[in-house]
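In: Dropping a prediction and its sequence here:
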Amino acid sequence: MSQFFAVTVRRGPAFDQSKQSREQDGFEPHSAHWRQLEAEGFVAMAGLMQDSMEVLFIIRAESKDEVREKIGGDVWQDTGHAQIARLEPIDIRFNPPAPAAG
């Protein structure tokens, strides 16, 4: 049975602070990976935390291992542009419906 996880992803050492995200090396495959995860229903919500510049993801998955595996498929995880800062299960009190299978 799937559950929800809160995941914060921070900029890694390879992220060039002088450039916008879209200007970083590997942005297109990084973006495509996350769009695919969203389309699969893995990403329930996501947003940029404005003070820290970290990204908060609410993930729907079976386990922490599944979360690590799917996020690990992001090229930015390999190149050091981004890294998981925090991963923990959460108890959502208001549960948005899962996207329709398509």
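Out: That came in fine, so what should we check first? The structure presented is a predicted model; accordingly, all values stated were derived computationally and were not measured. Residues are numbered from 1 along each chain as shown.

In: Look up how far residue 71 lies from the residue lying farthest from the centre of the chain.
Out: Farthest-out residue of the chain from its mean C-alpha position, per CA atoms, centre = their mean: residue 18, at 22.2 Å. Taking CB to CB, to the nearest Å as the measure, residue 18 falls 26 Å from residue 71. No exception for glycine: its C-beta is placed from N, CA and C like everyone else's.

In: before we move on, what about residue 94?
Out: 24 Å.

In: In terms of neighbours, single out the busier of these two.
Out: Ranked by neighbour count (other CB atoms under 10 Å), residue 94 and residue 71 place residue 71 first, with 24 against 4.

In: Let me know whether that one touches residue 83 as I believe.
Out: No. Contact between residue 71 and residue 83 fails when scored by CB atoms under 8 Å: they sit 9.6 Å apart.

In: Quickly list what's touching both of these two.
Out: 9, 77 (CB atoms under 8 Å, 6 or more residues apart in numbering).

In: Now do the longest helix seen in the chain: which elements does it pack against?
Out: Using DSSP state H, we find that the single longest helix of the chain is helix 27-39. Secondary-structure packing of helix 27-39 (3 or more CB pairs under 8 Å, 6 or more residues apart in numbering; DSSP states H and E): strand 43-48, helix 75-79.

In: Pull that helix out as CSV, backbone CA atoms only.
Out: The C-alpha coordinates for helix 27-39 follow below in CSV (Å, rounded to 0.1, in the frame of the first residue of the first chain):
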residue,chain,number,x,y,z
PHE,A,27,18.4,20.7,-17.0
GLU,A,28,16.4,19.2,-19.8
PRO,A,29,16.8,15.5,-18.8
HIS,A,30,16.4,16.6,-15.1
SER,A,31,13.1,18.3,-15.9
ALA,A,32,11.9,15.4,-18.2
HIS,A,33,12.6,12.9,-15.4
TRP,A,34,10.4,14.9,-12.9
ARG,A,35,7.7,15.5,-15.4
GLN,A,36,7.5,11.7,-15.9
LEU,A,37,7.4,11.0,-12.2
GLU,A,38,4.5,13.5,-11.9
ALA,A,39,2.7,11.9,-14.8
